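Undergrad: structure, please.
(4 chains)
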There are 2 protein chains.
Amino acid sequence: MLKFSKKADYGLMALQYMASRQSQYGDLSAPRMVNTKEIAEEYNIPSELLAKVLQALAKSGVIESHNGPKGGYLLAHQAKTITIARVLEAIEGPLGITDCSHDNHDGTLCSQQEHCTIRTPLLKLQDSIYQLLNNMTLQDMMGGTPLITVQSLTTGQGVTR
Amino acid sequence: MLKFSKKADYGLMALQYMASRQSQYGDLSAPRMVNTKEIAEEYNIPSELLAKVLQALAKSGVIESHNGPKGGYLLAHQAKTITIARVLEAIEGPLGITDCSHDNHDGTLCSQQEHCTIRTPLLKLQDSIYQLLNNMTLQDMMGGTPLITVQSLTTGQGVTR
DNA sequence: CTGATCGGAGATCAATATGATCTCCGATAA
DNA sequence: TTATCGGAGATCATATTGATCTCCGATCAG
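TA: A predicted model of the protein is given here:
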């Protein structure tokens, strides 16, 4: 629970690898094409699964794909502008702590919990987590840049009401 | 991914219910015993599964169990002192964003990723999330805390699922 | 221009973890 | 003392995730 999926892990690893490769040339002006196999071997992850992840990232515009011999992927933006939230959403779809996080797309709202007294505070929590993910970029994962501090969730512990 | 399990949901609901029941009497001095069936019916959740959750909470000391006729559960502490992190850990075990969050209990460290360049920044992220959970208490879940809108989650409309 | 090779994309299959259920055990009040 | 009520553990089913296989399109070499 509250755990990253393997796909998310793989995706982040791959992106970090790509970023490190490209940064050798300073910026995106001379991008270094990277293919699935290369990354898979570097990190010892199954290349087929990684392929799926990269495809999802490509589809959402985080990276660019190039077919043919000498083909491969490269970052579509600077590492600085790629947030973790963006990456995770590309790989996993909309993020959500609870099942009822997103508007009941098909009318099946929270099953029977009509008096779900839990939803509101959890959505708040979710929003805080999202902010964390949205404030952290690929760049932050590179060197070991410090970290974002957490703005308190409790918002004045009083509930005030 | 990054989603609460049903057990976590149920547990939080149950605790909130218990807290609201007990608060009718002002504090813990005159606790109101609550049994599994009562909560299950209130929220329309399967009582057997809820039972497991309550048992886990009891074992970890969040609530007290009392057997026999007229038995049931009651909060072991004030709502103000019960953190969400504590509850989740009681139900799910140690929290962790990544598989390698916790010390390789059985020597099986991050599979083969020896050059896992992802671990450190993710652990930081995990720590931030934990702080969120650890700063939020059952008390904070009680009132009708306002609400944050969810659409910040969807960011680019690309995801639609 | 043509074909062989390389990589991408989609569909399909298996494993794990979660959700749900069933049965037994212990405690207490009548 | 006993019947009843609730708790606890073990077991089974399902859904999500992880992994694999096969086909399609693109590009460069000949």
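
Undergrad: flag every residue of chain A that's near DNA strand C.
TA: Residues of chain A lying close to DNA strand C by CB under 7 Å from any atom of the strand are A:1, A:35-37, A:48, A:51-52, A:54-55, A:58-59, A:65, A:67-73. The way it works is simple: take the backbone N, C-alpha and C, and place the C-beta from them, glycine included.

Undergrad: what about DNA strand D: which of those residues touch it?
TA: Within the residues of chain A next to DNA strand C, those near DNA strand D by CB under 7 Å from any atom of the strand are A:48, A:51-52, A:67-71.

Undergrad: re the thing from before, of the residues of chain A next to DNA strand C, grab the buried ones for PyMOL.
TA: To isolate the buried members of the residues of chain A next to DNA strand C in PyMOL, using 16 or more other CB atoms under 10 Å in any protein chain shown:
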select buried, chain A and resi 1+35+36+51+54+58+65+72+73
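
Undergrad: out of the residues of chain A next to DNA strand C, name the ones that lie in helices.
TA: A:36-37, A:48, A:51-52, A:54-55, A:58-59 (DSSP state H).

Undergrad: where exactly do the helices run in chain A?
TA: Going by DSSP H, chain A shows helices at A:6-22, A:36-43, A:47-59, A:84-92, A:119-135, A:138-142.

Undergrad: please tabulate the ones next to DNA strand D among the residues of chain A next to DNA strand C in a markdown table, including the columns pLDDT.
TA: Shown next, in a markdown table, are those (pLDDT from 0 to 100):
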| residue | pLDDT |
| --- | --- |
| A:E48 | 88 |
| A:A51 | 92 |
| A:K52 | 92 |
| A:N67 | 88 |
| A:G68 | 87 |
| A:P69 | 86 |
| A:K70 | 85 |
| A:G71 | 87 |
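
Undergrad: now do the residue of chain A found nearest DNA strand C against DNA strand D, distance only.
TA: Per CB to the nearest atom of the strand, A:Q55 is where chain A lies closest to DNA strand C, at 3.3 Å. Going from A:Q55 to DNA strand D by CB to the nearest atom of the strand, to the nearest Å gives 10 Å.

Undergrad: quick one, what contacts the nearest residue to that residue once chain neighbours are set aside?
TA: Excluding the flanking residues, the one nearest A:Q55 by CB to CB, 6 or more residues apart in numbering or on different chains is A:S65, at 7.4 Å. If you count contacts by CB atoms under 8 Å, 6 or more residues apart in numbering or on different chains, A:S65 has them with A:54-55, A:58, A:71-73.

Undergrad: repeat that for A:T81.
TA: A:T81 makes contact with A:T137, according to CB under 8 Å, 6+ apart.

Undergrad: same check on the one 4 residues further on?
TA: Residues near A:A85 by CB under 8 Å, 6+ apart: A:95, A:130, A:133-134, A:136, B:155.

Undergrad: for the residue most central in space within chain A, list the residues it contacts.
TA: Centroid check for chain A by CA atoms, centre = their mean gives A:L88 as the closest residue, at 2.3 Å. Applying CB under 8 Å, 6+ apart to A:L88 gives the contacts A:8, A:11, A:95, A:133, B:1-2.
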